[in-house]
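Asker: sequence and predicted structure below; questions after.
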Amino acid sequence: MPHTETDNNPKPETPPEELTRLRTENAQLKRDLADMELLYETTTEHGEAIEDELAEKNIALEKIQARLQEELNQALRYVMALLPEPMKKPVRAEWLFIPSSELGGDSFGYHWIDSEHLAVYLLDVCGHGVGAALLSVTAINTLRGETLSGIDFRCPSQVLTAMNTVFDISRQNEMFLTLWYGVYHRASHQMTFAGGGHNPAILITPGSPQPAEIMKFLRPQPIIGMVPDFEYRDQTMAITEGSRLFVFSDGVYELQKTAGGMFSLNELCNLIGRYGPQDHPDMNGLVTDLRAVQGRNAFDDDFSMIILDF
């Protein structure tokens, strides 16, 4: 049988120059892969080094934050240590103080200047933080220690005029304060007082028939330190037996209501009317009511209130 060739054609051989090109490309790919592996290893090592460094810095930052928080806690404890002890006789005095989440600028106190004159004072420095607290402590110690030279601390207008000079805003890093200062005279049953940029005090007198009479007392006068050389003036209120006086900061009533809008001073007066002096109710109930107004426990500003029963 005769031999015949198949129809299959043999594959053409790759030209030498093509083989050379492919070998070159293959070598380049291997080099690129090696470079990529080296880059990956270097990046991984660098990333791990960065992670270690970040972890160390986070630990250091946490230590700094803990130290700062402890220092703020110490500052708050110092402010609390300055607050007065409650009194029972001859005037009953107690207070409510709930600091805000930030170190604030509220301070208050009361003390007998002599056997006949009781000084009562509450101040509020603008803003929050260490600066506000430092100014507040300095101002309250000035009042507690009666360190204003040549001033009769039984005369509120003299006290506010002197405080306005000493705590001039231009010398206090542009910080200012509001102040309510009153002096009760036992013999005359009168409270002489003056306010500098502060909200009114509220007096509840025994009434028949109920409700008791509720009065707000304050003549508007400039914020302490804001108007140089201002001469403050006194006001006087008669204190009948069985009256209760509330002196407080604006953090007590400047609340955002759950229903919308801001709680007002008049609304606070109506609420305080439930806490008259007739049976010495638990004043913590007032705090509960005000928390219900805003729908949460924490107050945005310091909550400071002095309650005096005569």
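Answerer: In hand now; what should we look at? Numbers count the residues shown, from 1 in each chain.
Asker: check which helix or strand L271 maps to.
Answerer: Using DSSP states H and E, L271 sits in helix 265-272.
Asker: what about that helix, average pLDDT?
Answerer: Helix 265-272 shows an average pLDDT of 88 in the prediction.
Asker: that one packs against which elements?
Answerer: strand 201-205, strand 213-217, helix 284-294 (3 or more CB pairs under 8 Å, 6 or more residues apart in numbering; DSSP states H and E). All C-beta spots, glycine's among them, are computed from the backbone N, C-alpha and C.
Asker: what comes up buried for that helix?
Answerer: For helix 265-272, burial by neighbour count (16 or more other CB atoms under 10 Å) applies to L268, C269, I272.
Asker: for stretch 303-310, same thing?
Answerer: F303, S304, M305, I306, I307, L308, D309, F310.
Asker: got a list of what the nearest residue to the first one once chain neighbours are set aside touches?
Answerer: Setting aside the residues directly before and after it, F303 is nearest to I98 in space (CB to CB, 6 or more residues apart in numbering), at 4.0 Å. In this structure, I98 makes contact with V287, F299, D302, F303, judged by CB atoms under 8 Å, 6 or more residues apart in numbering.
Asker: for Y184, same thing?
Answerer: Neighbours of Y184 in contact, by CB under 8 Å, 6+ apart: V91, H117, L118, V120, Q190, M191, I239, L308, F310.
Asker: not counting its neighbours along the chain, what's nearest the third one?
Answerer: Once flanking residues are discounted, L118 sits nearest to Y184: 4.4 Å by CB to CB, 6+ apart.
Asker: toward the C-terminus, what is the element adjacent to the helix or strand the one you found falls within?
Answerer: Assigned by DSSP H and E, Y184 belongs to strand 177-185. As assigned by DSSP H and E, the chain's next helix or strand after strand 177-185 is strand 190-196.
Asker: buried set for that following strand?
Answerer: Using 16+ other CB under 10 Å as the test for burial, strand 190-196 gives M191, T192, F193, A194, G195, G196.
Asker: related to what we said a few turns ago, of the contacts of I98, which is the most crowded?
Answerer: With neighbours taken as other CB atoms under 10 Å, the top of these is D302, carrying 26 neighbours.
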